[in-house]
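Engineer: what would the 3D arrangement of this be:
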Amino acid sequence: MNRLLPVLLLSLLVPIQGCSLFIPKETLYLRSAQDRATQEEIKQELGSPLFASAQAGETVWVYQVREEQSGSRMTAPGLWCDEYVLTFDDKGVLQQWTHKSKFHGGEQMPTYCVADGYQSKS
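Structural biologist: All right, here's what the predicted structure looks like:
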C-alpha cells in the first residue's frame, strides 16, 4: 500500500499541471499587463475592443475571442468563446480584468458569448 500512494498522488497532480499548458495567450498577456499597460499598448497586442464604455473616471473594454472546434471521435464540434472585460483608470492604465469562457457544443454562431457576460451599465 505504501508504494501505491506515491503513484496515486502523481496521477492526481499530472492532469492539473497539464491543464496549465493551455492558458490562452490573451490571459498570459493580461496577467503581465495589469497595473502597467496603457490602452494603446493593449490595443497593439489585442486589437480594437468589441465594445468600449467610459463612465465615472474609468473605461471598460470588452473583447470576445471565438475559436471553432471541429470535433473528433472524442470531442463534439462547436465553438469556444472567451470574454475579457478590461477596466482602465482615468490615466488609461489597465487596473483589472476578468475572463469567462464557454463551449457552445454544436453551435457555430451562438447568440451570446458567455453566460452572465458583460452588461453595459447604461
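
Engineer: this structure: helices as residue ranges?
Structural biologist: With helices called from DSSP state H, the chain shows them at 4-19, 25-33, 39-46.

Engineer: going by mean pLDDT, which of these comes out lowest?
Structural biologist: Of all the helices of the chain, the minimum mean pLDDT falls on helix 4-19 (a mean of 51).

Engineer: what sits against the residue nearest the centre of the chain?
Structural biologist: Against the mean C-alpha coordinate of the chain, by CA atoms, centre = their mean, the closest residue is residue 99 at 3.9 Å. Residue 99 makes contacts with 24, 26-27, 30, 82-84, as judged by CB atoms under 8 Å, 6 or more residues apart in numbering. Just so you know, the C-beta spots here come from the backbone N, C-alpha and C atoms, and that holds for glycine as well.

Engineer: restricted to buried residues, select those residues in ChimeraX.
Structural biologist: Written as a ChimeraX command, the selection of buried residues from the contacts of residue 99, which uses 16 or more other CB atoms under 10 Å, is:
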select :26,30,82,83,84
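
Engineer: tell me the pLDDT of residue 60.
Structural biologist: Looking at residue 60, its pLDDT reads 96.

Engineer: so that it lines up with my notes, have the first residue be 572 from now on.
Structural biologist: Yes, from this point I'll number from 572; that puts the last item at residue 631.

Engineer: tally of neighbours for it?
Structural biologist: When counting by other CB atoms under 10 Å, one arrives at 18 neighbours for residue 631.
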